[in-house]
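Participant: next comes the sequence, and after it the predicted model I'd like to discuss.
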Amino acid sequence: MSAIERVEEPVISVYHARLGIVTDSSQWRRECPFCDRGMFLVGRDRCSFELQEYDHCIGCGQRVRYMDIEQMREKEAKG
């Protein structure tokens, strides 16, 4: 399924903490379980810079909602 086709798919609820870690310097990047080449980057609000609840894979376009967004924000606030 192409990224354009996947954009029409429903948003899937996931737990960020349960996704595979991408081996780089970012604690937020995670492997996409829906394709073999993508990842989630975890966006930020343009004004507040708060982590966003909704995201999409940069490879396949699958949209997700992080069910553990509050825990992610708390973790970031603690440093």
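Facilitator: Structure received.
Participant: let's see the helix or strand hosting Val64 as CSV, backbone CA atoms only.
Facilitator: Using DSSP states H and E, Val64 sits in strand 63-66. Only the C-alpha atoms of strand 63-66 are listed here, as CSV (Å, rounded to 0.1, in the frame of the first residue of the first chain):
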residue,chain,number,x,y,z
ARG,A,63,-1.3,7.8,11.1
VAL,A,64,-1.2,7.0,14.8
ARG,A,65,-2.3,8.4,18.1
TYR,A,66,0.0,7.9,21.1
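Participant: for this protein, where's the lowest mean pLDDT among helices and strands?
Facilitator: helix 3-6 (a mean of 63; mean pLDDT, DSSP states H and E).
Participant: now do the helices in the chain.
Facilitator: 3-6, 69-78 (DSSP state H).
Participant: show me which positions of the last one end up buried.
Facilitator: When you say that, I think you mean helix 69-78. For helix 69-78, a neighbour-count test (16 or more other Cβ atoms under 10 Å) marks Ile69, Met72 as buried. C-beta here means a position set from N, CA and C on the backbone, and glycine is covered the same way.
Participant: show me what that helix is packed against.
Facilitator: Taking 3 or more Cβ pairs under 8 Å, 6 or more residues apart in numbering; DSSP states H and E as contact, there are no helices or strands that helix 69-78 lies on.
Participant: now do it, average pLDDT.
Facilitator: The average pLDDT within helix 69-78 is 94.
Participant: contacting residues around it?
Facilitator: Contacts with helix 69-78, where a contact means Cβ atoms under 8 Å, 6 or more residues apart in numbering, come from His16, Ala17, Trp28, Val42, Glu50, Leu51, Gln52, Glu53, Tyr66.
Participant: most neighbours of all these, which one?
Facilitator: Among those, Tyr66 has the most neighbours (other Cβ atoms under 10 Å), with 23 neighbours.
Participant: how far away is the residue nearest to it when sequence neighbours are not counted from Arg44?
Facilitator: Take Tyr66 and drop its neighbours on the chain: the residue closest to it by Cβ to Cβ, 6 or more residues apart in numbering is His16, 4.8 Å away. Distance from His16 to Arg44, counting by Cβ to Cβ, to the nearest Å: 14 Å.
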